[in-house]
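Q: for reference, the sequence and a predicted model appear below.
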Amino acid sequence: MTDPVRAFAATMQAVWFSDDLGESWNRPHTQQGGFYNEARAWSVVAHPERPAELWCGTDVGIYRWEAAAGRWEHVPSPLDGFHVQQLAIDPRNPQVIYAGTRPAQVWQSLDGGESWNQCALGIDSECYFINTPRVTSINFEPWPPYAVWVTIEIAGPYRSEDGGKTWTHLPVGLKSIDTHNTVFCDDGQEQAVLITTEEGLHRSADHGVTWTPVPVPQSPWPYMRCMIQRQDAPGYLLLSVGDKPSGMTGKLLRSRDFGASWEEVDLPARVNSTIWWIGQHPADPKLIIFCTIFGQIFRTTDGGESWDKLTRELGEIRMIGWAPTA
């Protein structure tokens, strides 16, 4: 990657930036950054058409990074009283933005964040184990009808085929409704969805109507968190597993055949907790970074074949990524 890029990490002490591929990290000064430096940031994503523009979900609503001004601007919305756990901007129509919260609600903007409406998923306000359910991912199906998928911890996956107007709950066959992420696979013969859960990996070939567990013998634990498909190599998947939700260690697994088989990735250091998020951008599909929940950051520049552990650690990280700055 020769063009300038910026890495970003949503942490329990606001959002950190790196302009040297993760070698060093800094935050905007509180007095001019527009964002309290000890606010909790849960999610941060780059705008698909304006990658220097970042959108951040915090414990006090949504903020937008204005690169020219060098500050975070508050985006007024009904979500100001929620923890905004996930943000997703539709790559086919960037005026459409989805936000997922704790307590688990999904909100949609059709006008670039000017106004918001709550989607009718009908999720209970309480759940077992974590007390309050939360949205863990929002993803867009890459084939018609370009459905929107939401995973809930703990309530299972939901899917909308009509742009968020109506939603279908799709838990049938899952060993756990503690769901974390989805990836969409098309091998030329079949379109399938993979989903990560607290009780392993599952696969659906019927748009989520039913799920089948996928054996992953390389994982010593059933807890599976983040998963991505490399954007220049259909079939090349990265999957994070851990000993428990926060945990003391974890592993990164790799598949070269759409998840039919897996191998453990050789990392240069032992991870200190579950790998929580894996970040990539279509501008350079071979530049990928991931974080553990307890602050470690790893980077690859060859698409996941080899990795470096970066020296700087950032406390607790909930999401990490990168984007071009122009």
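A: Thanks, I have the structure now.
Q: helices and strands around the helix or strand containing Trp107, which ones?
A: In the assignment (DSSP states H and E), Trp107 maps to strand 106-109. Contacts defined by 3 or more Cβ pairs under 8 Å, 6 or more residues apart in numbering; DSSP states H and E place strand 106-109 against strand 97-102, strand 117-118. (Each C-beta comes from the backbone N, C-alpha and C, glycine too.)
Q: possible to save those strands as TSV with mean neighbour count?
A: Listed next are the helices and strands packed on strand 106-109 as TSV, based on neighbours: other Cβ atoms under 10 Å:
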stretch	mean neighbour count
strand 97-102	25
strand 117-118	12
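Q: His29 is nearest to which of those strands?
A: Among the helices and strands packed on strand 106-109, strand 97-102 comes nearest to His29, with 27.0 Å by Cβ to Cβ.
Q: re the thing from before, contacts for the strand holding Trp107?
A: 77-79, 95-101, 115-119, 121, 135, 138, 150, 158, 164, 167 (Cβ atoms under 8 Å, 6 or more residues apart in numbering).
Q: returning to that earlier point: nearest to Thr197, out of the helices and strands packed on strand 106-109?
A: strand 97-102 (17.0 Å).
Q: go through the worst-scoring helix or strand of the chain on mean pLDDT and flag the buried ones.
A: Here the helix or strand of the chain ranked lowest by mean pLDDT, DSSP states H and E is helix 30-33, holding a mean of 75. Within helix 30-33, the residues that count as buried by 16 or more other Cβ atoms under 10 Å are Gly33.
Q: which elements pack onto that helix?
A: Applying 3+ Cβ pairs under 8 Å, 6+ apart, one finds that helix 30-33 contacts strand 71-75.
Q: report the angle between the axes of the strand it packs on and strand 97-102?
A: Counting by axes from the mean of the first three to the mean of the last three Cα atoms, to 10 degrees, strand 71-75 lies at 80 degrees to strand 97-102.
Q: SS state for Asp80?
A: Taking DSSP: H, G, I helix; E, B strand; the rest coil as the rule, one finds Asp80 in the helix state.
Q: I figured it hits Gly61, correct?
A: Yes: applying Cβ atoms under 8 Å as the test, Asp80 and Gly61 come out as touching, 3.8 Å apart.
Q: quick one, which of those two is more surrounded?
A: For Asp80 versus Gly61, neighbours defined as other Cβ atoms under 10 Å are more numerous around Gly61 (20 against 13).
Q: wait, which of the helices and strands packed on strand 106-109 is closest to Ala192?
A: Among these, the nearest to Ala192 by Cβ to Cβ is strand 97-102 (22.8 Å).
Q: which strands and helices sit next to that closest one?
A: Short answer (3+ Cβ pairs under 8 Å, 6+ apart): strand 97-102 packs on strand 83-89, strand 106-109, strand 134-140, strand 148-153.
Q: ok, now with 7 Å
A: Applying 3 or more Cβ pairs under 7 Å, 6 or more residues apart in numbering; DSSP states H and E, one finds that strand 97-102 contacts strand 83-89, strand 106-109, strand 134-140.
Q: name the strands paired with it and say parallel or antiparallel.
A: Strand 97-102 pairs in its sheet with strand 83-89 (antiparallel), strand 106-109 (antiparallel), by DSSP bridges.
Q: can you put the helices and strands packed on strand 97-102 in CSV and add distance to Leu174?
A: Below are the helices and strands packed on strand 97-102 laid out as CSV (distance: least, Cβ to Cβ, whole Å):
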stretch, distance to Leu174
strand 83-89, 20
strand 106-109, 19
strand 134-140, 14
